[in-house]
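K.L.:
Quick one: sequence and predicted model below, then my questions.
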Number of protein chains: 2
Amino acid sequence: MKRARVTDVSRLAGVSTATVSRVLNDPEKVSEETRNRVLAAIKELNFVKSAAAFSLKAQQSHNVLVVASNIGNIFYSKMFQGVQRKAEENGYSIIITSRTGGRDDHIIERLRTGRVDGIIVLDAMGMAPEVFEFLKAPYQGTPPIVGFSEKAGSVPFPHVFVDNFRPAYNLTRYLIDLGHRDIAVVQAPSELPVRLERLGGFLQAMEDAGIPVPEHNIFEGGFESDAGHAVAAILKQRDHLPTAMVCSNDEMAMGLISEMVAAGCRVPQDLSVVGFDDCTLADVYSPPLTTVAQPRERIGKEAMNLLLRVLEDPTTPPDTMVELDTQPRYRGSAAPPRTSEPVLSNQTA
Amino acid sequence: MKRARVTDVSRLAGVSTATVSRVLNDPEKVSEETRNRVLAAIKELNFVKSAAAFSLKAQQSHNVLVVASNIGNIFYSKMFQGVQRKAEENGYSIIITSRTGGRDDHIIERLRTGRVDGIIVLDAMGMAPEVFEFLKAPYQGTPPIVGFSEKAGSVPFPHVFVDNFRPAYNLTRYLIDLGHRDIAVVQAPSELPVRLERLGGFLQAMEDAGIPVPEHNIFEGGFESDAGHAVAAILKQRDHLPTAMVCSNDEMAMGLISEMVAAGCRVPQDLSVVGFDDCTLADVYSPPLTTVAQPRERIGKEAMNLLLRVLEDPTTPPDTMVELDTQPRYRGSAAPPRTSEPVLSNQTA
DNA sequence: TCTGTCCATGAAATCGGTTACATTAGCACT
DNA sequence: AGTGCTAATGTAACCGATTTCATGGACAGA
């Protein structure tokens, strides 16, 4: 049997389709008797309205697009969850897409075809210029797009942001207070706000403590654990290790630790390592990772909230921002500095 | 400016809307001259067709729903990625939802409203009976639903499956070959195929080796790391530790290890621990976790493939299956058994 | 020249809802 | 009884594509 339509319901209830629609959308406009008759018909026919027909008429899809550079990355999963919960609560479904090969045109495409009502960009940082162009394009008014960033005002649309400078500063300060002086940093990749903020906080803390940072203590990093391996490989070549390392995210911190531990370097006794993000499982790492927790689910939730606000009031200014806080997590991967240089087992060369 | 419609294009090109539609869908049916004129108009007006109008007429949304019990769980992120890639390649978008509170009716709702063309259930195991009921409901033919499971034939629709019995058997066997006899197991939660399969493989391996498994070596578990904590708490009360532990997933293995290590028990020297799944970061855990890799991205990809097949040919039998293989990952968390009982530092009572 | 085909194109119906506008009945008030 | 108002409901247009069916012209064959 095919799906029932309003027409079928109206016929069975002996009313017009308009009345059926009213029962569905403004029940109080229909007399109780008629309403009950319609309701009964709806139930009997197992009627649900067609999403497509509704979308066409109402010009809204009740879908929102969530964009992340890489949906396979665990950093985003909790955010998705936050967005999804909030979205569902408000009758929206979320369509998730990644920015494969840096191509963002499908995002615009989706928006223009009306397949989605709005967009949440979880990593606006590397967003293609076309998208920004699109925002100014003449065939669209204020585009319903919101984002997430590590720096206030770094994107031209409403966004949720979590300051990264301060927590990076504080975490570095924490190491200094533990007695460390020889602290190295591993940066986040590319020229994104996140890189600048985290590095900036580190450098500022060092400067404020009057500790110079030699060039060889600044490493290039990446968001995956292999970046940590690469840094470990370099460290193992050296005859002197820093006493502490500030990594720009947890994955690279773990990559680094696992490699160093395998080489016989104890963490935190011989080397303190701190991360950033408090990714899933950072708390059960051994040693449990000292890091900074980003409120990931909250970020997703607030981003969706923001989008709902923009959807409701399209005049919401593009510089609207919602700030969320980080939480330091002092766990077991940082300790006072060692007193003597450790001997690495499989030190090559 | 508002979005251009076919009407606008047809007017500008001096043809009928039917011709515009033909240019879009069957270009060869239109003379080259007319086609070029239409194409030019499309370009000039920046025309894209309305997803809603298309859906209404074509009765398909080009959306597929992906259901996971918990989208915040890292176990699913790679699967999402696999599904998403394959979907995008084929012009589909993926809508992701979780099964909050075990309520699955919104799934049916989505399917019935035509908001999605098909469903991929990533954890069909705990699926609500209503959904299965729905499959037999009279108002629907073969419903386009596919899933993923740990046991062949455990769900009544086409599915991708990864046998869990064999790898659990082999991993246990590996520990036995290392010399372990006193091996404990931590089960997966609830009465899901995954629990039975993984436990079954373990028990069978023990039985084949002629090693009895005392009751106290079988622990209840859960999919989160706190399940590992709970087991660790029990172990620490005992005056004797098993020499090896088989955990039903990596999270609980990590929870267990982190707690045991904190208590002064060395892994793998004092206690070998193996996990299951090869979750993200298992390779950079310290010690790197010995586990079984599930081809997560591949699972997602194949599930989408299967759905495309069902979409194309609705008569695809519900017992259609695609089997994928696991890969053992022998890393650093398992070693030959200790020779003497370890002394735990913060052993209470 | 007439008829039959084929090709390119257009007119209008259709998908399934929502809603502006029209209509009717019922009631109060003068 | 006549007028005005309100509440309940119906009629039909509309959202923006696709597609069936009809039509007109070109050309080949008789």
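P.N.:
On my side now, so go ahead.

K.L.:
And for the residue in the stretch 201-349 of chain A positioned nearest to DNA strand D, the neighbour number?
P.N.:
With Cβ to the nearest atom of the strand as the measure, A:P314 is the residue of the stretch 201-349 of chain A nearest to DNA strand D, at 17.3 Å. In this view, the C-beta of every residue, glycine as well, is placed from N, C-alpha and C. Here the number of neighbours of A:P314 (other Cβ atoms under 10 Å in any protein chain shown) works out to 10.

K.L.:
how about the residues of the stretch 51-200 of chain A near DNA strand C?
P.N.:
A:52-54, A:56-58 (Cβ under 7 Å from any atom of the strand).

K.L.:
and chain B, which of those contact it?
P.N.:
Among those, the ones lying close to chain B by the criterion of Cβ under 8 Å from any Cβ of the partner chain are A:52-53, A:56.

K.L.:
For the stretch 1-150 of chain A, which segments count as helices?
P.N.:
In the stretch 1-150 of chain A, the helices defined using DSSP state H, counting those that start in this stretch lie at A:6-13, A:17-25, A:32-45, A:51-58, A:74-89, A:105-112, A:129-136.

K.L.:
Let me know which of those is the nearest to B:E220.
P.N.:
B:E220 lies closest to helix A:74-89 among those, at 25.8 Å (Cβ to Cβ).

K.L.:
if we can go back for a sec, lowest mean pLDDT across the helices of the stretch 1-150 of chain A, which one is that?
P.N.:
Here the lowest mean pLDDT among the helices of the stretch 1-150 of chain A goes to helix A:129-136, at a mean of 62.

K.L.:
returning to that earlier point: what secondary structure does the residue of the stretch 201-349 of chain A closest to DNA strand D sit in?
P.N.:
Assigned with DSSP: H, G, I helix; E, B strand; the rest coil, A:P314 falls in the coil class.

K.L.:
Isn't it up against A:P144?
P.N.:
Yes: between A:P314 and A:P144 there is a contact under Cβ atoms under 8 Å: 7.2 Å.

K.L.:
hmm, back to that, so which of the helices of the stretch 1-150 of chain A has the densest surroundings on average?
P.N.:
Counting by mean count of other Cβ atoms under 10 Å in any protein chain shown, helix A:74-89 has the highest mean neighbour count of these, with a mean of 23.

K.L.:
who's in contact with A:T17?
P.N.:
Residues near A:T17 by Cβ atoms under 8 Å, 6 or more residues apart in numbering or on different chains: A:6-7, A:10.

K.L.:
tell me which residues in stretch A:235-246 are buried?
P.N.:
If you call a residue buried by 16 or more other Cβ atoms under 10 Å in any protein chain shown, then stretch A:235-246 has these buried ones: A:235-236, A:241-246.

K.L.:
Could you tell me which of those are located in helices?
P.N.:
Of the buried residues of stretch A:235-246, the ones assigned to helices by DSSP state H are A:235-236.

K.L.:
got any ranges where the stretch 101-250 of chain A has weak pLDDT?
P.N.:
Within the stretch 101-250 of chain A, the segments meeting pLDDT under 70 span A:101-103, A:124-143.

K.L.:
ranges for the strands of it?
P.N.:
Here the stretch 101-250 of chain A has its strands, by DSSP state E, counting those that start in this stretch, at A:118-121, A:145-149, A:159-162, A:183-186, A:218-219, A:244-247.

K.L.:
can you list those strands in CSV and add distance to B:N90?
P.N.:
Below are the strands of the stretch 101-250 of chain A laid out as CSV (distance: least, Cβ to Cβ, whole Å):
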stretch, distance to B:N90
strand A:118-121, 22
strand A:145-149, 26
strand A:159-162, 32
strand A:183-186, 39
strand A:218-219, 41
strand A:244-247, 39
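
K.L.:
So which of those is the most surrounded?
P.N.:
Among the strands of the stretch 101-250 of chain A, strand A:244-247 has the highest mean neighbour count (mean count of other Cβ under 10 Å), at a mean of 30.

K.L.:
is any part of that strand close to chain B?
P.N.:
No: Strand A:244-247 lies apart from chain B when judged by Cβ under 8 Å from any Cβ; the minimum separation is 12.0 Å.

K.L.:
Could you list every helix and strand in contact with that strand?
P.N.:
Secondary-structure packing of strand A:244-247 (3 or more Cβ pairs under 8 Å, 6 or more residues apart in numbering or on different chains; DSSP states H and E): helix A:165-177, strand A:183-186, helix A:250-262, strand A:272-274.

K.L.:
quick one, which of the helices of the stretch 1-150 of chain A is nearest to B:E44?
P.N.:
With distances scored as Cβ to Cβ, the stretch of the helices of the stretch 1-150 of chain A nearest to B:E44 is helix A:105-112 (15.4 Å).

K.L.:
and the helices and strands packed on strand A:244-247 as a markdown table, adding distance to B:M321?
P.N.:
Below are the helices and strands packed on strand A:244-247 laid out as a markdown table (distance: least, Cβ to Cβ, whole Å):
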| stretch | distance to B:M321 |
| --- | --- |
| helix A:165-177 | 48 |
| strand A:183-186 | 45 |
| helix A:250-262 | 35 |
| strand A:272-274 | 45 |
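
K.L.:
So for B:M79, which of these sits nearest?
P.N.:
Nearest of those to B:M79, taken as Cβ to Cβ: helix A:250-262 at 19.3 Å.

K.L.:
Show me what the closest one is in contact with.
P.N.:
Against helix A:250-262 from outside (Cβ under 8 Å, 6+ apart): A:186, A:221-229, A:231-233, A:235-236, A:245, A:247, A:267, A:271, A:273-279, A:282, A:285, A:289, A:291, A:333, A:346, B:281, B:283-288, B:332.

K.L.:
Would you mind writing the PyMOL command to select the buried ones in those?
P.N.:
Buried members of the contacts of helix A:250-262, defined by 16+ other Cβ under 10 Å, are picked up in PyMOL with:
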select buried, (chain A and resi 186+221+222+223+224+225+227+228+229+231+232+235+236+245+247+267+271+273+274+275+276+277+278+279+282+285+289+291+333) or (chain B and resi 281+283+284+285+286+287+288+332)
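
K.L.:
Which residue is the nearest non-sequential neighbour of A:D270?
P.N.:
Nearest residue to A:D270 in three dimensions, chain neighbours excluded: A:P342, at 3.9 Å (Cβ to Cβ, 6 or more residues apart in numbering or on different chains).

K.L.:
would you say that neighbour is within a helix?
P.N.:
No: using three-state DSSP, the assignment for A:P342 is coil, not a helix.

K.L.:
Need the pLDDT of it.
P.N.:
pLDDT for A:P342: 86.

K.L.:
what do you get for A:P314?
P.N.:
85.

K.L.:
For A:N63, see how far away it is.
P.N.:
Using Cβ to Cβ, to the nearest Å, we find A:P314 at a distance of 18 Å from A:N63.

K.L.:
ok, now A:S248?
P.N.:
Per Cβ to Cβ, A:S248 is found 34 Å from A:N63.

K.L.:
Looking at those two now, which is surrounded by more residues?
P.N.:
Taking neighbours as other Cβ under 10 Å, A:S248 and A:N63 compare with A:S248 leading, 28 against 24.

K.L.:
In contact with A:R309, which residues are there?
P.N.:
A:R309 is in contact with A:158, A:316, A:320, counting by Cβ under 8 Å, 6+ apart.

K.L.:
could you show me where the helices are in the stretch 201-349 of chain A, in order?
P.N.:
Under DSSP H, counting those that start in this stretch, the stretch 201-349 of chain A gives helices at A:225-237, A:250-262, A:296-312.

K.L.:
which of those helices sits most buried?
P.N.:
With neighbours taken as mean count of other Cβ under 10 Å, the helices of the stretch 201-349 of chain A reach their highest mean count in helix A:250-262, at a mean of 26.

K.L.:
so how far is that one off the chain centroid?
P.N.:
Relative to its parent chain, helix A:250-262 has a centroid offset of 23 Å by Cα atoms, centre = their mean, to the nearest Å.
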